[in-house]
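Chemist: Structure of the sequence below:
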Amino acid sequence: MNSEWFKEWFETDEYLNVYQHRNESEAEVLVDLILNSISLERSSKVLDMACGTGRHSILFARKGFDVTAVDLSWNMISAAQKKAELENLQIKFIQSDLRNFTYSSKFDLIVNLFTSFGYFESDSENFRILETAYDHLNSEGYFVLDFFNKDFIEQNLNPESREKIKNGEIIQQRKIDGLRIIKKIIVTTSGNSKEYFESVRMFSKEELVNELIRIGFAIEKTFGDFHGNKFEQYSSSRIIIIARK
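Modeler: Got it, this is the predicted structure:
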C-alpha cells in the first residue's frame, strides 16, 4: 500500500461518494461546541486545516468569521468553493500539503476536525501538523483537534460495512495493524471495481495531550463527543481537545 495513499484517494469522485453521508447537522453541533467553549469575537481569523469539502469552514464563515481553509485535495477544495459561492461566503481556499504549509498572517482559532490527522508514516510528520498550528496562532489563540478515540475503536471495530449506491455498492473493510487502522474501500459501479486504501495512525488521548503540551500549548478542555460530554477512555467515540497558545 502506498504510504501517500491520501494523494490519490482524496482526488477521486469515489471519495466524495463514500463520504457523501457526512452529516451537516453533526458539523453544526461540533462548531457550536467549539464556539461555546472558547472566547472569540465574530470577526476573528479562523484556519480550517484539512478542510475537505468545507463543511466546517462554511459554518464558521456564516457566523461572520474571517475564514481561511487549506486542503491537499484540489477535488475537495473545488467542491467547497462551489458551496461557498452559492452562499456568497468569502472564504480563502488554499491547496497545500499541511507538512509544508506556511501563511503570512496568524489566526485566532485553528481547527483540525473529523480525523484529518495521523495520515503520515512517521510520528514526526504527524506531529509537525500540531507544530504548524502552534506557529500560525496568535498569542492566546485556540487550537481544536478532533480525532477518533483509539481505545473505543479497538473495542468496537466494525470489520466490514456495505452500502448500496447508484448502479453499484461500496464495501469498506477495516482492520488494525499495529498502531494503524487500515481501511480497504471497494467501489463497484456497473460491474467495474476500484480499490482504495486509508491508513491512519492511532493515538491515545495521553499521547496527543502530551505532544501538545511539549509543543507549548495549554490544554483548556477535552470532550468525548460532539455534544460536549466528558471524555471516557473506553466509551467515548471521539477525542476533542481544545488547546491554547
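
Chemist: chain center to the longest strand anywhere in the chain: distance?
Modeler: Criterion DSSP state E: the longest strand present in the chain is strand 137-148. How far strand 137-148 lies from its chain's middle: 13 Å, per Cα atoms, centre = their mean, to the nearest Å.

Chemist: Using CSV, write out the CA atom coordinates for that strand.
Modeler: Only the C-alpha atoms of strand 137-148 are listed here, as CSV (Å, rounded to 0.1, in the frame of the first residue of the first chain):
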residue,chain,number,x,y,z
LEU,A,137,-1.6,31.1,16.1
ASN,A,138,-1.8,34.5,17.6
SER,A,139,-0.8,34.7,21.2
GLU,A,140,-3.7,33.4,23.3
GLY,A,141,-5.1,31.8,20.2
TYR,A,142,-7.0,28.4,20.2
PHE,A,143,-6.3,25.1,18.5
VAL,A,144,-9.0,22.4,18.3
LEU,A,145,-8.2,18.8,17.4
ASP,A,146,-11.0,16.3,16.8
PHE,A,147,-9.8,12.7,16.4
PHE,A,148,-11.2,9.2,16.9
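
Chemist: List the buried residues for it?
Modeler: 137, 141-148 (16 or more other Cβ atoms under 10 Å). Every C-beta, even on glycine, is put in place using the N, C-alpha and C of the backbone.

Chemist: Out of those residues, which two sit at the greatest distance?
Modeler: Across those, the longest distance by Cβ to Cβ is 24.8 Å; it joins G141 and F148.

Chemist: After the helix or strand bottoming out on mean pLDDT in the chain, which helix or strand is next? Please name it.
Modeler: Between all helices and strands in the chain, the lowest mean by mean pLDDT, DSSP states H and E belongs to helix 13-18, at a mean of 68. Next along the chain after helix 13-18, taking DSSP states H and E as the criterion, comes helix 24-37.

Chemist: got a list of contacts for that next one?
Modeler: Under the contact criterion Cβ atoms under 8 Å, 6 or more residues apart in numbering, helix 24-37 has outside partners 55-56, 59-60, 63, 109, 111, 113, 144, 146, 220-221, 223, 226-228, 240, 242.

Chemist: how far away is the residue of the chain positioned farthest from its centre from M76?
Modeler: Here the centre of the chain is the reference, and by Cα atoms, centre = their mean the most remote residue is G191, at 32.1 Å. As for G191, its distance to M76 is 28 Å (criterion: Cβ to Cβ, to the nearest Å).

Chemist: filter the contacts of helix 24-37 to the buried ones?
Modeler: 55-56, 59-60, 109, 111, 113, 144, 146, 221, 223, 226, 228, 240, 242.
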